[in-house]
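Chemist: Below: sequence and its predicted model.
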Amino acid sequence: MPSEVSSAPRAQPVPGADPSVAGENAGVLEAPAVASRLADLEAVYEAIHGSGRVRIVNHWATWCSGCVEELPLLVELAGHLEADVEMLGVSWDGFQDLVGRDEWVRAVEQCSLEHGLPWGSVVVDAEPSDFFERLEMDCQTVPQIWVVNQEGQVVHRVEEPIDRRLMEQILGWVSEL
């Protein structure tokens, strides 16, 4: 009997995870489990711009209705990506500080679990103005999707919630890299 091929997104490494902390499988996400971490400005920058892999970067926040509404499409998008393409969440939850610093990562993980995200997020621990300047962001709202090439350069930006048409466009951009 032939085995079924899962259309679920593949497990993704958590940027900056330290395997020595939790054993050999630390930092690997098995859908739908997620792991997120608080990250300073340079760690966020490196997670986005590190070379070697094509990345889809989802700038989002749990308090952003457009961000949460597009999560099912992003999960679908992740399911269409080649194994060497990484999904990365960059959470802006700390910018509103609605739950307090200690709860930022927990809120992101809870929302990620509720929506079945198979990738982790770095939760920005920096002043918004410093973050926008360091990442050279003209658009300072979420949601945003960035396509980052193997050299760590942002080559495409979508600065609005995605729909099916934009999802197909993102897949096209990724296939050209």
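Modeler: Nice, I can see it. Bear in mind the structure is a predicted one, so any value in this text is a computation, not a measurement.
Chemist: Please, where are all the strands along this protein?
Modeler: 37-39, 54-60, 85-91, 121-124, 144-148, 154-158 (DSSP state E).
Chemist: how about these, which one is nearest Gly79?
Modeler: Each of the strands of the chain has some distance to Gly79 by CB to CB; the shortest is strand 85-91, at 10.2 Å. Just so you know, the C-beta spots here come from the backbone N, C-alpha and C atoms, and that holds for glycine as well.
Chemist: Give the other helices and strands that that closest one contacts.
Modeler: Under the contact criterion of 3 or more CB pairs under 8 Å, 6 or more residues apart in numbering; DSSP states H and E, strand 85-91 touches helix 41-49, strand 54-60, helix 65-79, helix 104-114, strand 121-124.
Chemist: Please work out which of the strands of the chain is packed deepest.
Modeler: Comparing the strands of the chain by mean neighbour count (mean count of other CB atoms under 10 Å), strand 121-124 ranks first with a mean of 26.
Chemist: what does it rub up against?
Modeler: Strand 121-124 is touched from outside by 15-16, 34, 36-39, 41, 43-44, 47, 58, 60, 88-95, 104-105, 108, 112, 131, with contacts defined as CB atoms under 8 Å, 6 or more residues apart in numbering.
Chemist: Spatially nearest residue to the most centrally placed residue in the chain, not counting backbone neighbours?
Modeler: Among the residues of the chain, the one closest to the centroid is Gly89, at 1.7 Å (CA atoms, centre = their mean). Nearest residue to Gly89 in three dimensions, chain neighbours excluded: Ser121, at 3.0 Å (CB to CB, 6 or more residues apart in numbering).
Chemist: Please report phi then psi for the nearest residue to Gly50 once chain neighbours are set aside.
Modeler: In space, and not counting its chain neighbours, Gly50 is closest to Gly152: 5.7 Å by CB to CB, 6+ apart. Gly152 adopts backbone torsions of phi 90, psi 20, taken as degrees, to the nearest 10.
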